[in-house]
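> Let's see this in three dimensions:
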Amino acid sequence: MHPDLKTAIELQQVDLRVAELTSQIDALPSQIQNLEAQLRDFIHAHEERKQRLGANQKERRELDGEIQTIETKISRHKDQLYQLKTNEQYKAMKHEIEAEEENIRKIEDQILEKMMEAEQLEKLVKDAASRLDGEKERVAAAIQRLEFERRTDIEEWEQLQSRRQELSQTLSDAMRELYERVRSARRGVALAAVRDGCCTRCNVRLRPQAYNNVRMSESIVICESCSRILYYLDLVSDASETAGDRNNSTGVQN
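Numbers count the residues shown, from 1 in each chain. Predicted coordinates for the structure are as follows:
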């Protein structure tokens, strides 16, 4: 195999892994922020329900107070009934008492609604209180895991950068320039494997002579369709084939 081609294949594997690690490292802050936001939302919802429960209890006390006030008024009116001198006055007072008693029934309905709401809120508050410590531990553990992965990714990224420099220096000037130019133009993928006579990146079938040259692997062959550097898949190591298949799954297209 052409020495530049063998080196370029490994260099591309390094570059693709570096890109993957860079994406993972860059995504970490937002992942941590999302976890912290989840915990904040949980705590906020818990505190909001506790406030609603407190407001509910206050409203029920106020409604109870209104009933007591109305009952006092009704009792006073009933005492006054026997002091009235005309039927008209008596009927008017009775009507007022009935209206106040109806008002009490409406307030009692409101209290019942508040009691049902309080029952639901108490259940939610109790459930959240029992889960709060677990949520804090879950988020803390997830953040710790992400930070550990980030440190591991950075270590690997730095090692790969050193390896990339070694490989790049091993390439001839012409091959290095070609590799970087195609890599820049083709979204980070400068090489493409050939399988069954086709470029696995653009899926275009090669001309017989070009295919034969790729199989020989003694010269650098460029895909006439996507301009990537071609290599014959069966001549690379199993590791190279596995890496190539994995990279295909990333969805990089022409």
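
> counting contacts, what elements does the helix or strand hosting Pro29 pack onto?
With the criterion set as DSSP states H and E, the secondary-structure element containing Pro29 is helix 3-81. In this structure, helix 3-81 makes packing contacts with helix 87-170, helix 173-185, strand 191-195, strand 229-232, helix 238-248, judged by 3 or more C-beta pairs under 8 Å, 6 or more residues apart in numbering; DSSP states H and E. In this view, the C-beta of every residue, glycine as well, is placed from N, C-alpha and C.

> between that helix and strand 191-195, how big is the angle?
Note on geometry: by axes from the mean of the first three to the mean of the last three C-alpha atoms, to 10 degrees, helix 3-81 and strand 191-195 are set 100 degrees apart in direction.

> can you tell me the average pLDDT over helix 3-81?
On average, the pLDDT along helix 3-81 is 95.

> how far off helix 87-170 does it point, in degrees?
An angle of 170 degrees separates the directions of helix 3-81 and helix 87-170 when computed by the same axes, to 10 degrees.

> circling back: among the helices and strands packed on helix 3-81, which comes closest to Ile74?
Between Ile74 and the helices and strands packed on helix 3-81, the tightest spacing by C-beta to C-beta is seen for helix 87-170, at 5.2 Å.

> what is the rounded mean pLDDT of that closest one?
The predicted model gives helix 87-170 an average pLDDT of 95.

> what's near enough to touch the nearest residue to Arg150 once chain neighbours are set aside?
Here the nearest residue to Arg150 in space, its sequence neighbours aside, is Leu28; by C-beta to C-beta, 6 or more residues apart in numbering that works out to 4.8 Å. Contacts here follow C-beta atoms under 8 Å, 6 or more residues apart in numbering; on that basis Leu28 touches Leu146, Glu147, Glu149, Arg150.

> Can I get the helices and strands packed on helix 3-81 in CSV including mean neighbour count and distance to Lys6?
Shown next, in CSV, are the helices and strands packed on helix 3-81 (neighbours: other C-beta atoms under 10 Å; distance: least, C-beta to C-beta, whole Å):
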stretch, mean neighbour count, distance to Lys6
helix 87-170, 13, 10
helix 173-185, 15, 11
strand 191-195, 23, 11
strand 229-232, 24, 9
helix 238-248, 15, 9
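
> Next, the contact list for the closest residue to Leu39 other than its chain neighbours, please.
Spatially, and ignoring its direct neighbours in sequence, Leu39 is nearest to Val139 (4.6 Å; C-beta to C-beta, 6+ apart). When contacts are counted by C-beta under 8 Å, 6+ apart, Val139 touches Leu35, Glu36, Gln38, Leu39.

> Try it again at 10 Å.
Val139 makes contacts with Ile32, Asn34, Leu35, Glu36, Ala37, Gln38, Leu39, Arg40, Phe42, as judged by C-beta atoms under 10 Å, 6 or more residues apart in numbering.

> coming back round to it: let me have the helices and strands packed on helix 3-81 in a markdown table, adding distance to Gln12 as columns.
What follows is the helices and strands packed on helix 3-81, written out as a markdown table (distance: least, C-beta to C-beta, whole Å):
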| stretch | distance to Gln12 |
| --- | --- |
| helix 87-170 | 10 |
| helix 173-185 | 8 |
| strand 191-195 | 5 |
| strand 229-232 | 9 |
| helix 238-248 | 8 |
